[in-house]
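S.K.: need a structure here:
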Amino acid sequence: MQEFVRTSQGRLTLVWLPPYSPELNPDERVWHHVKSQRIGRTVVATKEQRVALARSVLHSLQHNMQIIKRFFYEKHVRYILN
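M.R.: Coordinates of the predicted model:
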């Protein structure tokens, strides 16, 4: 990973996070949104339906930059913007 970052010409920076720190990880914000706003409110009968729903929600999220930007402006993850 370090070698890959070196080849990024300054566009990437590695940031060390403590071993268990979900509040510092923007991925956790994504999953919280997916579960609380979409999947958690839908009844599914099978694992396949749940997977298909999760993929659908994540795909629609890809096209909503306003929501994605909000994940990075929350207090605990602003370190990413520096």
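
S.K.: Spell out the secondary structure type for the closest residue to Thr42 other than its chain neighbours.
M.R.: Nearest residue to Thr42 in three dimensions, chain neighbours excluded: Leu53, at 6.1 Å (Cβ to Cβ, 6 or more residues apart in numbering). To be clear about C-beta, it is placed using only N, CA and C from the backbone, and glycine gets the same treatment. Under DSSP: H, G, I helix; E, B strand; the rest coil, the three-state class of Leu53 is helix.

S.K.: Check the burial of Leu53 by counting its neighbours.
M.R.: Other residues near Leu53 number 15, with proximity taken as other Cβ atoms under 10 Å.

S.K.: contacting residues for it?
M.R.: With contacts defined as Cβ atoms under 8 Å, 6 or more residues apart in numbering, Leu53 is in contact with Arg38, Ile39, Thr42, Val44.

S.K.: Closest one to Glu28 out of these, please.
M.R.: Of all the contacts of Leu53, Glu28 sits closest to Ile39, with 15.0 Å by Cβ to Cβ.

S.K.: For the residue nearest in space to the middle of the chain, give its distance to Lys75.
M.R.: By Cα atoms, centre = their mean, the chain has its centre lying nearest to Asp27, at 2.8 Å. Separation of Asp27 from Lys75 (Cβ to Cβ, to the nearest Å): 17 Å.
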